[in-house]
Structures are given as C-alpha cells and as structure tokens.
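>>> whatever this is, show me its structure:
(chains A and B)
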Protein chains: 2
Amino acid sequence: MQRAIYNLSVTTVGELGEFPLIERIATAIKRASLAVPTAGGFRLELGIGDDAAAWSLARGVQVNTTDTAIEGVHFTSQTMPWADLGWRVWAANVSDIISMGATPLVGLVTLGLPRSLDVTAIDDLYAGMIEACREYGTLIAGGDIVSSRDTFVTVALMGVSEGNLLRRDVARLGDVVGVSGPLGASEGGLRMLQRGLAFNDALLIAHRHPIPRVAIGKALLDAGVTGAMDISDGLVADLGKLCRASGVGATVDAISVPVAAALQDLFSTEEALLCALGGGEDYEVLFTGPREAVTRAVAVIDGASVIGEIVADTSGRVIVLAANGNELQLRDAGWEHLAI
Amino acid sequence: MQRAIYNLSVTTVGELGEFPLIERIATAIKRASLAVPTAGGFRLELGIGDDAAAWSLARGVQVNTTDTAIEGVHFTSQTMPWADLGWRVWAANVSDIISMGATPLVGLVTLGLPRSLDVTAIDDLYAGMIEACREYGTLIAGGDIVSSRDTFVTVALMGVSEGNLLRRDVARLGDVVGVSGPLGASEGGLRMLQRGLAFNDALLIAHRHPIPRVAIGKALLDAGVTGAMDISDGLVADLGKLCRASGVGATVDAISVPVAAALQDLFSTEEALLCALGGGEDYEVLFTGPREAVTRAVAVIDGASVIGEIVADTSGRVIVLAANGNELQLRDAGWEHLAI
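Here you go, the predicted structure:
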C-alpha cells in the first residue's frame, strides 16, 4: 500500500484508498513543519493518527467554531481552484475566531470525497490549508475522511481568548455600528466569474483568497468594543442576526458603507452597493458599542468606518437609509443557506 | 419568522429556512436542560448563537475527535430512524473519546441538509443526540447548518483526560491483545435489515443504538493498559491500523474472539465469525499491553477477552488463526471508506 502512493497510474481517491490517502495527508502536514502556536500556553499532545487529537492550554477560554464548504453549494471546481478552497475554508473559521476576540490555534478537518476525485485535488486542498496555517500560526491536528457524492470540507477550529469575548448579544440602544473594512469584493469576484466579465485581479483575489485580519479582534477589545461578528452571509443579513441576538434593530447609512473600490471597474454604483450590503465572505468584522469605543476602534483599524446605529426594534430589523433619508428597498441582500 | 416555527403547514427544511431552523434547534437543546459536565473543571462560557462556542477547562488535556454519517454511505432512511442516527453519530464520537482514556464533554454539530427534508427529521435527529448527551453527561454547544444534496451529520466532540492517554502507537512485541466485549451484532443487525431476515431485537438495537461504555477507558488505565482504539471499521481492520501506528503485527485466535450471541439466531457460525472479525460499529474497544495489564483489564471489564498477541511485523499485518493453527483467509474483513 505504501508504494502505491507514488505510483503514477494511481489517480483517483477511490483507487488510492482511505489509508494511503490519510498517510499522504499526514506526510504533507508533517513536511510543512508548521510552527506550534503559543497563545494561551497551547501545547499539542497528540496529532494526526489516533482516535482523537489531544492538546492542552495553560490558561484562557477556548473558542470553538466549525464551517463547511460543499461543492455545488459554496463552490464549484470551475470558479474555485482546490488550493483556494482550502485557504478559504480555513480562513472562514479563522474569521469566526477573530470576531470573538480570540486567537486561532488548532483545527480538525473532515473531508467528504467522491471516489472519482483526482488525488491531486486533495494535495492542493491541503496545500491551501497549510498556507493558511502558516499565515495564522495554526495547526491541523486530525480529522476524518468519508466517502460522499459531493465533495465537502468541514473544519472545526479552536482558538483561545485571554480576555473578554466579543459577542453578538450585547448590542444596546444608542450603540453605533462599525465595519472593519471595504465590502463586496468577494461577491463582485463571483459575479465576474459567473458572467464572464472582463478580468479584475483584485476581485478575483478577494473571492478566492480572502484574508481575515487577526489583529482586528484585539483592536476592538482594546478600544472597548463589546459586540462583534464576522460578515460571512452579507452585511445586512449578519447585522440582522446580531440585532436579533441582542433584541434590538439597526439603521445603516448607505452612504457610509465602505464599498470595495475595485467594484467600480465592472459594476454600476447600484450593483456595487448591493454587493457591499448583500455579498458575504469578505471576512470583514461588524461591530457595535458605545460611540466612543467604536470611534476609537475605527481610528486604529485600517479601512474601518462607522456605518449606522442601534435602534429600538425587538424584531432585529435592519433598515438601510439612502442619502435622502428614505429607506432603500433591497432585494437579495444576503445569503440564506436553505431558502427555496 | 418566529411564528412560522409552529405553523403546521411548514414541512420542509427549505420552507422553514435557516434561521428559524437554528432557533428551533436551539430551543430544543435549551428545553432539554442538559447537565453541565464537571470533569476537568469544565465550564461552558457561551453556547449556541454566536460566531463560536466558548468554554474553559481548569485542568487536564483536551481530547478532540470528529465523525460523520452521510446518507447513502453510512445510513439510509430505510434502515435508520433519524433519532437513532442522532444517537449513533454522537455515540461514535463518544467512543473515540473513551478509547483515548478521556471523558467526553461538549460538541459542535454540522448538518448538511437537502431543502426537501422534512423538518421533523431534524427534531428527531436532535432528540437522539440529546438522549446521547443525557446518557454521557455531554453538551451540544453550537455548530453549522449548510445546504447539501445528501443529508450528513458531522460531530466534533471534545473530552478531557486527567491522566495518561490510551494511544495507538505504543503496542510492543510480546504485548497481548484484548477486546472489551462481544463483536459483530451491529453488522448482523445491518445484514438482517438488508436481507429482510426474521426479526431479532438484540441485533436491531445493536445496529441502531450501540452503547459505548464510558467506564472502559478508566478501567484500562487503572489496569496499566497503554494501547487502545475503538472498533469502528471492524476488528481486523482496526487492529491493523493500531499495528501500523506501532510498527508491529498481530495474531488473533479466532476461537478467542467473542462473537455476539444473538448472531447465532440468524447466521451460520462462519458468517457470525465474519461479522465479529469484519463488522464495525459495535463500539467495543481493542487494547494492547503487557500480559499482566491486559489480564487485569479483562478481569474487571464485563464481557472482555484476550484474543491474540503482538508479533514482529513492521507492515502492520494481522493474521487470524483457526483452532488448528492455520491462517484463516478473510474476504471482506473490514470497512474501507473509499475503496472502489
């Protein structure tokens, strides 16, 4: 079985088989010689190859998230190279940890694989995750591989908080709303690919290789901000979730929303705004808190803006206001995973 | 949206939508009022509803595993009621934690759901997981829901070890091999259902509702056993994995393998043995160690037996010996997830 790994005639996951595939992945991760994180006094006790992975933390609160990408739902192999998929799914989990004010540490990877998939796709997928591990100082400690009709990748990522947590349920009447950077570029990149528009590098990179900024969480905590979440489903949809969790509503001034500059090259002003309000997966962070705290945060986070305020509305409604003060009517302003 | 949760005309996951479904699940988990575990000084800081779940441990090493069940691969709705599926996937993760010598604590659940799925399936699935949580003193702290062509459930479960870990890579020449209880009943139950054989309650329950025994891990550690893994893919396949991880081989005496008694009602002696050697998902534990340690463990674990010994063979080969000392030739002795 060992020899088969480097047999050039072996091409699919099914031909290679489960155990050689696990060995191949374990070898790739080992070769990457990733640095072991130190936040929280983290120590990896046992990595890939047993019934479970084991680690210890000397201090702090663990922060745990999980995020999945499925072929045909979150990506297609036409618009997303495997290495970028690996990067993106790891980055999506990192973004959740950052937006809790925590430092990402270590994750488990579940792969659902069709037997017909080329094994080099898995090599590329792990190369992308390993690149993200290097960028964020994180480790892959284990996981699971299962046979599946559609390819999917699930990451369960653990981080550590050594201070307060940034939460969704603490927005209060009178708080203001901030966002950490320009929005809409990932959605713009997807629309560009789907419609075969003129090529724009910035949008392509934003879509395939979004870069969550790990410093944002600390900057928000230092500024005294208390509420935050990452924007994965779209600004309006995600602000709505934060509002529902807090039992409040929000208004957003459309004119204040930072629209990614590259969108202007390919889209109308209206469509660019819609990308910024409704497109997810830029992995910027949405935050709320007293005006002074949010203002302090905006001053130190590159690209950040104040975009609105928290209002009394127990239903969690988010109203986007045009420059003239009228409510903008939004179709399609967010990603709803199950709606038919 | 809130009202739609109890609207009788709402029937599918797609009609209900993502956020009401999450609220429905969160409500069911809250209503269950699960006890918070205490091992390792565990404290849940933040449960369902934020970007991530948060918890702290006062002491010990964390043990982390993940396991998935996919419709059409690991189960079909014909042979597996949803509540049993929920129980089984949680139990499979608990079994991995037990076989590390650790105590299960808290997990995240990822659901991949077709839009056409009836929402009562999700109610039943969580009822099964909640029942397992009650049985094992564990919590569901969060997760993720994604749209998917085939239904799947992934659990990432964390436990705590306050002593040594039971590992796969510590089997040594001269060690003996033990197993914690009778094998093959789950496989027998599946064959019964697939072939429409005369109904046998014990086999059905073994297949749908296997019960990992949390006391086994502690008993093995107390006895001085060092090597262990749970049997999820079949005795011979899993012992092979343990042997490969340890750089040894093993012989198993077929006559010593505890075959689940209920198999005799429906199957020939040969097929019953094949179920015991090759059928997975009984969630008994396979263990290795010096003869005195294994003998002590077998004396205190109900149903446990010594079944073989570790031999010199760097390839991880497992040989099953008949009563006459000849090697048994096994077809189909284990579950390989990706082989074509």
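>>> just the strands in chain A please.
Using DSSP state E, the strands of chain A run over A:43-46, A:53-56, A:61-70, A:103-113, A:139-147, A:152-161, A:176-179, A:227-230, A:249-253, A:285-289, A:305-311, A:318-321.
>>> quick one: strands adjacent to the second one?
The reference is to strand A:53-56. strand A:43-46 (antiparallel), strand B:61-70 (antiparallel) (DSSP bridges).
>>> list the buried residues in the shortest one.
By neighbour count on 16 or more other Cβ atoms under 10 Å in any protein chain shown, the buried set for strand A:43-46 is A:Leu44, A:Leu46. Backbone N, C-alpha and C define where each C-beta goes, glycine included.
>>> average pLDDT across it?
Average pLDDT, strand A:43-46: 91.
>>> what does it rub up against?
Residues outside strand A:43-46 that contact it (Cβ atoms under 8 Å, 6 or more residues apart in numbering or on different chains) are A:36, A:52-58, A:106, A:139, A:141, B:61, B:165, B:167.
>>> just the buried members of those?
Buried residues within the contacts of strand A:43-46, counting neighbours by 16+ other Cβ under 10 Å: A:Ala52, A:Ala53, A:Ala54, A:Trp55, A:Ser56, A:Leu57, A:Val106, A:Leu139, A:Ala141, B:Val61, B:Leu165, B:Arg167.
>>> ok, now how distant is the residue nearest to the fourth one when sequence neighbours are not counted from chain B?
Leaving out its chain neighbours, the residue that sits closest to A:Trp55 by Cβ to Cβ, 6 or more residues apart in numbering or on different chains is A:Leu44, at 5.0 Å. Counting by Cβ to the nearest Cβ, to the nearest Å, the separation of A:Leu44 from chain B is 10 Å.
>>> and the spatially most central residue of chain A, how far is that from A:Ser77?
Centroid-nearest residue in chain A, with Cα atoms, centre = their mean: A:Ala92, separated by 2.1 Å. Going from A:Ala92 to A:Ser77 by Cβ to Cβ, to the nearest Å gives 18 Å.
>>> check A:Gln62 too.
34 Å.
>>> the more surrounded of the two?
Just comparing A:Gln62 and A:Ser77: by other Cβ atoms under 10 Å in any protein chain shown the higher neighbour count belongs to A:Gln62, 24 against 13.
>>> who's the more buried one bridged to?
Bridge pairing for A:Gln62 - DSSP bridges - gives A:Val160, B:Trp55.
>>> ok so, going back, help me confirm that the residue nearest to the centre of chain A comes into contact with A:Ser232.
Yes. Using Cβ atoms under 8 Å as the test, A:Ala92 is close enough to A:Ser232 to be in contact (6.5 Å).
>>> does A:Gly137 touch A:Pro37 like I think?
Yes. A:Gly137 lies in contact with A:Pro37 (Cβ under 8 Å); the separation is 5.1 Å.
>>> intersection of neighbour lists for the two?
Common contacts of A:Gly137 and A:Pro37, defined by Cβ under 8 Å, 6+ apart, comprise A:Pro104.
>>> picking up where we left off before, can I get the buried ones among the contacts of strand A:43-46 in a markdown table with distance to A:Leu204 and pLDDT?
Shown next, in a markdown table, are the buried ones among the contacts of strand A:43-46 (distance: Cβ to Cβ, whole Å; pLDDT from 0 to 100):
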| residue | distance to A:Leu204 | pLDDT |
| --- | --- | --- |
| A:Ala52 | 39 | 90 |
| A:Ala53 | 35 | 92 |
| A:Ala54 | 40 | 91 |
| A:Trp55 | 36 | 92 |
| A:Ser56 | 41 | 91 |
| A:Leu57 | 38 | 91 |
| A:Val106 | 30 | 95 |
| A:Leu139 | 29 | 94 |
| A:Ala141 | 32 | 93 |
| B:Val61 | 43 | 93 |
| B:Leu165 | 45 | 94 |
| B:Arg167 | 45 | 95 |
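>>> what separation do you get for the closest residue to A:Leu125 other than its chain neighbours and B:Phe152?
Closest residue to A:Leu125 apart from its sequence neighbours, by Cβ to Cβ, 6+ apart: A:Gly86 at 4.2 Å. Distance of A:Gly86 to B:Phe152, computed by Cβ to Cβ: 20 Å.
>>> which residues are common contacts for A:Ala92 and A:Ser232?
Jointly contacting A:Ala92 and A:Ser232 under the rule Cβ under 8 Å, 6+ apart are A:Asp67, A:Glu281, A:Tyr283.
>>> ok, now which ones touch the second one?
I take that to be A:Glu281. A:Arg88, A:Ala92, A:Ser186, A:Glu187, A:His207, A:Pro210, A:Ser232 are the contacts of A:Glu281 under Cβ under 8 Å, 6+ apart.
>>> next one: the first one
By Cβ under 8 Å, 6+ apart, the residues touching A:Asp67 are A:Val89, A:Ala92, A:Asn93, A:Asp96, A:Thr154, A:Val155, A:Leu157, A:Ser232, B:Asp144.
>>> what pairs with it across the strands?
Under the criterion used (DSSP bridges), A:Asp67 bridges to A:Val155.
>>> how much space separates it from A:Asp233?
A:Asp67 sits 12 Å away from A:Asp233, going by Cβ to Cβ.
>>> cool, and the last one?
When distance is defined by Cβ to Cβ, A:Tyr283 is 12 Å away from A:Asp233.
>>> buried stuff in stretch A:13-29?
For stretch A:13-29, burial by neighbour count (16+ other Cβ under 10 Å) applies to A:13-25, A:28-29.
>>> what about it, near chain B?
Yes. Applying Cβ under 8 Å from any Cβ of the partner chain, one finds that stretch A:13-29 is in contact with chain B at A:Val13, A:Gly14, A:Glu15, A:Leu16, A:Gly17, A:Glu18, A:Phe19, A:Leu21.
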